[in-house]
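S.K.: test case, fold it:
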Amino acid sequence: MKPLKIKVSITLDDDIVHQIKILSEQDDRSFSQYINMVLKQHIAKKEKALAEEQ
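M.R.: Got it, this is the predicted structure:
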């Protein structure tokens with residue numbers, strides 16, 4: 001079963017939206033899927049760095 005999704009509303013700079021659209025198309029993903037992927041990678045990187053500090 002897929003995890004539940006929650007709709008959120010955020011405001012992004014125009015240049016960021018433009019770049020994410022380009023990158024998501026290159027990766028054959030929707031805008032939302034690409035943002036989810038990038039955020040998951042960022043969180044994993046931060047958690048790894050935090051674990052290494054301890």
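S.K.: give me the neighbour count for Tyr34.
M.R.: 19 (other C-beta atoms under 10 Å). Where you see a C-beta, it was placed from the backbone N, CA and C, and this is true even at glycine.
S.K.: again, but for Leu23
M.R.: Neighbourhood size, Leu23 [other C-beta under 10 Å]: 15.
S.K.: surely it touches Met37?
M.R.: No - at 9.9 Å, Leu23 and Met37 do not qualify as touching, with contact defined as C-beta atoms under 8 Å.
S.K.: distance of Lys7 from Leu50?
M.R.: 29 Å (C-beta to C-beta, to the nearest Å).
S.K.: more neighbours, the two?
M.R.: Leu50 (9 against 5).
S.K.: look up how far Ile43 lies from that one.
M.R.: Leu50 is 10 Å from Ile43, by C-beta to C-beta.
S.K.: can you classify Met3 as helix, strand or coil?
M.R.: Let me fix one detail, which is that residue 3 is Pro and not Met. coil (DSSP: H, G, I helix; E, B strand; the rest coil).
S.K.: neighbours of it, how many?
M.R.: So Pro3, with other C-beta under 10 Å, has 5 neighbours.
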